[in-house]
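1. using only what follows, build the 3D model:
(one chain, ligands or ions: 1)
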Amino acid sequence: MKFAVIVFPGSNCDDDMVYAIQEGLKEEVDKVWYTEESVADYDAVLLPGGFSYGDYLRSGAIARFAPVMESVIEEAEKGKPVLGVCNGFQVLLEAGLLPGAMQRNKNLKFICRPVQLRVENNSTGFTKAYESSETITVPVAHGEGNYFCDEKTLEQLKANDQIVFTYQDDINGSVAGIAGIINEKGNVLGMMPHPERATANLLGSDDGLKLFQSILNHWRESHVLTS
Ligand SMILES: NC(=O)CC[C@H](N)C(=O)O
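-> Below is the predicted model of the structure:
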């Protein structure tokens, strides 16, 4: 399986994402610069964390218009797996690939520490390796992680099982404790916590690895390997 890690000016978790794929999954991965025109040759697209364009205007608001995003949106609409972590999640929201928006954390401070999450939906192509309602430890590192959506959107997210991860404790004020959501089709996941920083016990937790393993297993199931 071949992964693309998109690099915007200001991305700073791209190497961690590459490490997770190379060392954690032992699969192929390329960094793809924001000026590239196509991600069509890749099996999955990963939008990493960071401060794209210095978080000016709103986090992700400028990166959403980077040249590569046209192809990311096109591939997402065709059903390709797309994962956005932290700033990557913010870019997906700004691009309209996921509903809702991010606000500053309720305490107006940057939060950087491991947190406990609950796996709310383990039947997605990103979470099948987890147990239902499993509690996992994954670090967060954000200033704008306070997820907001209107009541109607929240009802839809709940009705369609699109809430994938919630925070065990209210760390940033997010509506319904939302830490990660998926689109209706099930191929675009955005999450504020960083699974790529939790892929080995040496890093404090390897609970993030199952997310990448789920993506790989899901892809293998739909691409029967003959060798
Ligand atoms: N680690 C990150 O991706 C940071 C996300 C974002 N720029 C924020 O502070 O909210």
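2. rest of the way, CA atoms for contacts and neighbours
-> OK.
3. check which helices and strands the longest helix that the chain contains sits against.
-> Longest helix in the chain, counting residues (DSSP state H): helix 209-222. Taking 3 or more CA pairs under 8 Å, 6 or more residues apart in numbering; DSSP states H and E as the contact definition, helix 209-222 has no neighbouring helices or strands.
4. for that helix, the distance to its chain's centre please.
-> Taking CA atoms, centre = their mean, to the nearest Å, one finds helix 209-222 lying 14 Å from the centre of the chain it belongs to.
5. next, the buried residues of it.
-> Residues of helix 209-222 classed as buried: L209, K210, L211, F212, Q213, S214, I215, L216, N217, H218, W219 (neighbour count, 16 or more other CA atoms under 10 Å).
6. is it possible to export those to CSV including distance to F3 and pLDDT?
-> Listed next are those as CSV, based on distance: CA to CA, whole Å; pLDDT from 0 to 100:
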residue, distance to F3, pLDDT
L209, 15, 98
K210, 16, 98
L211, 14, 98
F212, 11, 98
Q213, 13, 98
S214, 14, 98
I215, 10, 98
L216, 10, 98
N217, 14, 97
H218, 14, 97
W219, 11, 97
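7. and the two most separated of the residues you listed?
-> L209 and W219 (15.6 Å; CA to CA).
8. coming back round to it: CA atoms only for the longest helix of the chain, dumped as CSV, please.
-> Only the C-alpha atoms of helix 209-222 are listed here, as CSV (Å, rounded to 0.1, in the frame of the first residue of the first chain):
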residue,chain,number,x,y,z
LEU,A,209,-0.8,2.0,15.7
LYS,A,210,-4.1,0.1,15.4
LEU,A,211,-5.5,3.0,13.4
PHE,A,212,-2.8,2.7,10.7
GLN,A,213,-3.2,-1.1,10.8
SER,A,214,-6.9,-0.7,10.3
ILE,A,215,-6.3,1.4,7.2
LEU,A,216,-3.9,-1.2,5.8
ASN,A,217,-6.2,-4.2,6.7
HIS,A,218,-9.2,-2.4,5.1
TRP,A,219,-7.2,-1.7,1.9
ARG,A,220,-6.0,-5.3,1.7
GLU,A,221,-9.6,-6.6,2.1
SER,A,222,-10.7,-4.6,-0.9
